[in-house]
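Participant: what shape does this take:
(one chain, ligands or ions: 2)
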Amino acid sequence: MITLKNIVKKYITKSGPLTAVDQVSLTINKGEIFGIIGYSGAGKSTLIRLLNGLEQPTDGEVIVNDLRFSHIKGKELREARQKVSMIFQHFNLLWSRTVEDNIAFPLEIAGVPKAQRDARVKELISLVGLDGRGSAYPSQLSGGQKQRVGIARALANSPEVLLCDEATSALDPETTDAILDLLVDINERLGLTIVLITHEMHVIQKICNRVAVMEAGKVVEAGEVLQVFRNPQAPITKRFVSQLTGTEDTNATFATIRAHYPTGQLIKLVFVGERTEEPVISRLVKQYDVSVSVVHGNISQTKSGPYGTLVVHIDGDAKNIEQSLAFLRNVDVQTEVMS
Ligand SMILES: Nc1ncnc2c1ncn2[C@@H]1O[C@H](COP(=O)(O)OP(=O)(O)O)[C@@H](O)[C@H]1O
Ligand SMILES: [Mg+2]
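Facilitator: Numbers count the residues shown, from 1 in each chain. Ligands and ions are numbered 1, 2, ... in the order given. Sure thing, here's the model as predicted:
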């Protein structure tokens, strides 16, 4: 539904030409939640602004719903833009307008008659969980509530795509989770396609189906969230993934752990998707007569199942340890012997 073909975006700056987006090609499917992660300056905001025609690419094509965004103008572009709306890190609300009037604003611009507008606003307030707050002003709301207004306003004209530029970056972790839950709810209820950009792996892990990793204007890696977590290729992706799995932490504390377990083997297991640690470990103990204890671990929930690492200590006969390692390799759990 959204296709980016060899997108390049250059800016002319005081210090010369700058390539903010560099040969990016991506396909985003209808109805999915697609995440773009990268550090500050990677080109994420520029890329997302190309998706709603706020910026024109220097080169390449943006196609949304068979419309070549990069080539249309005037009325056609304005209509196409209505199908793609956006929410922001700092909410961008109108401070002198109430919640209701903020949400009604895009409907007024679209020329929707007052009675219809009022009905739609009521519906949206309920959808985002702001019942009873309609006549409040933005300054009277919490951060999470402000973003709910932003979401309701973005949904007013029934878009097909919602773009989220660091929409939870100004919120505390609990509020972030509540807003992410709301986005999932909207995605499922309305079949809305969501493209979100973030610098937080937690956001990707919690709600995205697929992810693209950006660095210096380029997409260095893209795929199903669990696939990328399981087998990150680019160094920057490895860094993002280790934010979640505590891999760096594991390596750092390994020497300390080793000192506690002079005999046996320390094994790092990586679990992805459906497999959970419990049956594997109990089978190990039952079938191979070894003792197994978990010494370090970090399992996270993603949209398509658990993901994480577990360091276990296996002790017993050398032969039994050998057989348990063979077993682990057979059950397709990624296994790494930490010697
Ligand atoms: N309008 C602009 N004019 C000049 N340079 C810009 C403009 N917008 C972004 N840039 C530059 O492009 C690069 C990518 O910026 P941006 O897309 O905002 O990254 P991100 O959202 O990942 O932090 C940065 O080096 C930034 O300074
Ligand atoms: Mg940005």
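
Participant: contact partners of the strand or helix carrying residue 296?
Facilitator: Here residue 296 is covered by strand 291-302, with elements defined by DSSP states H and E. Applying C-beta atoms under 8 Å, 6 or more residues apart in numbering, the set of residues contacting strand 291-302 from outside is 205-206, 225-226, 229, 244-246, 249-250, 253, 257, 260-261, 264, 266, 271, 277, 281, 284-285, 306-316. Glycine gets a C-beta too; all of them are placed from N, C-alpha and C.

Participant: can you give me the helices for the stretch 1-150 of the chain?
Facilitator: Taking DSSP state H, counting those that start in this stretch as the test, the helices found in the stretch 1-150 of the chain are 44-50, 74-82, 99-109, 114-127, 143-155.

Participant: now the third one - C-alpha only, CSV.
Facilitator: In other words, helix 99-109. C-alpha atoms of helix 99-109 as CSV (Å, rounded to 0.1, in the frame of the first residue of the first chain):
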residue,chain,number,x,y,z
VAL,A,99,-10.3,19.3,23.3
GLU,A,100,-13.5,19.2,21.3
ASP,A,101,-12.6,22.1,19.1
ASN,A,102,-9.1,20.7,18.6
ILE,A,103,-10.6,17.5,17.3
ALA,A,104,-13.2,19.3,15.2
PHE,A,105,-10.5,21.5,13.5
PRO,A,106,-9.7,19.2,10.6
LEU,A,107,-13.4,18.6,10.1
GLU,A,108,-14.0,22.3,9.9
ILE,A,109,-11.3,22.6,7.3
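
Participant: for that helix, packing partners?
Facilitator: Using 3 or more C-beta pairs under 8 Å, 6 or more residues apart in numbering; DSSP states H and E as the contact criterion, the secondary-structure elements in contact with helix 99-109 are helix 114-127, helix 143-155.

Participant: need the residues of the stretch 201-339 of the chain near ligand 1, please.
Facilitator: Residues of the stretch 201-339 of the chain lying close to ligand 1 (C-beta under 6 Å from any ligand atom): none.

Participant: which stretches of the stretch 201-339 of the chain have low pLDDT?
Facilitator: Within the stretch 201-339 of the chain, the segments meeting pLDDT under 70 span 245-253, 273-278, 332, 339.

Participant: now the helices for it?
Facilitator: Listed in chain order, the helices found in the stretch 201-339 of the chain under DSSP H, counting those that start in this stretch are 201-207, 225-230, 235-245, 247-260, 277-288, 318-330.

Participant: adding mean neighbour count and distance to residue 118, write the ones you listed out as TSV.
Facilitator: As requested, these are arranged in TSV below (neighbours: other C-beta atoms under 10 Å; distance: least, C-beta to C-beta, whole Å):
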stretch	mean neighbour count	distance to residue 118
helix 201-207	22	32
helix 225-230	21	40
helix 235-245	18	44
helix 247-260	13	53
helix 277-288	15	53
helix 318-330	15	62
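
Participant: in TSV: those, plus distance to residue 39.
Facilitator: Below are the helices of the stretch 201-339 of the chain laid out as TSV (distance: least, C-beta to C-beta, whole Å):
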stretch	distance to residue 39
helix 201-207	12
helix 225-230	16
helix 235-245	8
helix 247-260	16
helix 277-288	32
helix 318-330	35
